[in-house]
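J.: Just to be clear, the model below is a prediction. Sequence and coordinates:
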Amino acid sequence: VNLDLLTETFFTSFYAKYLSQWKEYCATSYDTSGTIQGYVLGKVEGNKGDEVLKDWHGHVSAVTVAPQFRRQGLARALMDYLEEVTIKTHDAYFVDLFVRPSNKIAVGMYQNLGYIVYRTVEMYYSGEEDAYDMRKAMPKDKKKETLVATKERIKPAELEYI
C-alpha cells in the first residue's frame, strides 16, 4: 500500500506511536484473502474542554488505499470511521488533515466528503511544496466556528500542532 507515490511513508516508530497512543484512530481494511486494501491513521489533539479555543480535534495523519482497490468507496469508509471516532469517542469540534495541492484527486475527494481548505501551509512538504490544511466541522461545532481561519497562509512554524 505504501509503495504508491501519493502515500506519505513514515518511520516504523511513527506507526508504533500511533498504535500505542491512539489505537482507536488506526484502522486497516483487508479483502477476503487477507490482502491489505487500505488504512487510516489518526490522532486527537488540542485542549479538551476549552470552550474558547475550540481546538480539540481529530487529525488524519494518513489515509491510503492500494491502487487496485480504489474507486470503490474504501477511502470514504475509512474517513467515515475516523470521523465517527472523533464524534463518539472524543466529542471533538472538527477533523483536519494536510494534503498536497498538486494531489488534485485527493483534494477533490476530501471536498466531496465535506472538507474545506481552511488555510495553506507554505512549503510544508520538505520545504518544496505547500500543503492545504483542510477541515470539516463535527456536530459539536454547531455554528462551524472552527472553519474560520485567522490567516489564509501560514508558515510551518505557525502550526498549532505538529
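T.: Okay, I see it. Numbers count the residues shown, from 1 in each chain.

J.: who's in contact with the lowest-mean-pLDDT helix or strand in the chain?
T.: Scoring the helices and strands of the chain by mean pLDDT, DSSP states H and E places helix 12-21 at the bottom, with a mean of 86. With Cβ atoms under 8 Å, 6 or more residues apart in numbering as the test, helix 12-21 has contacts from Y25, C26, L41, G42, K43, S61. (Each C-beta comes from the backbone N, C-alpha and C, glycine too.)

J.: so what's the second one up against?
T.: Read that as C26. Going by Cβ under 8 Å, 6+ apart, C26 touches Y18, L19, Y39, V40, L41, G42.

J.: Just the pLDDT for it.
T.: According to the prediction, C26 has pLDDT 95.

J.: Nearest residue to the middle of this protein?
T.: Geometric centre of the chain, nearest residue: V60, 2.1 Å, by Cα atoms, centre = their mean.

J.: do you know how far that one is from M134?
T.: Look at V60 and M134: by Cβ to Cβ, to the nearest Å, they are 9 Å apart.

J.: can you check R119 too?
T.: Counting by Cβ to Cβ - R119 and M134 are separated by 9 Å.

J.: Kindly report the same for K23.
T.: From K23 over to M134 the distance is 24 Å, taken as Cβ to Cβ.

J.: K144 too?
T.: For K144, the distance to M134 - Cβ to Cβ - is 14 Å.

J.: In this protein, what residue spans correspond to helices?
T.: With DSSP state H as the criterion, the chain has helices at 12-21, 74-88, 104-112.

J.: Tell me the confidence at the residue sitting furthest away from the middle of the chain?
T.: For the chain, the residue at maximal distance from the C-alpha centroid (Cα atoms, centre = their mean) is S33, at 27.9 Å. For S33, the pLDDT comes out at 96.

J.: circling back to that earlier point, can I get the contacts of helix 12-21 in JSON lines with distance to D91?
T.: Below are the contacts of helix 12-21 laid out as JSON lines (distance: Cβ to Cβ, whole Å):
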{"residue": "Y25", "distance to D91": "14"}
{"residue": "C26", "distance to D91": "19"}
{"residue": "L41", "distance to D91": "21"}
{"residue": "G42", "distance to D91": "15"}
{"residue": "K43", "distance to D91": "15"}
{"residue": "S61", "distance to D91": "20"}
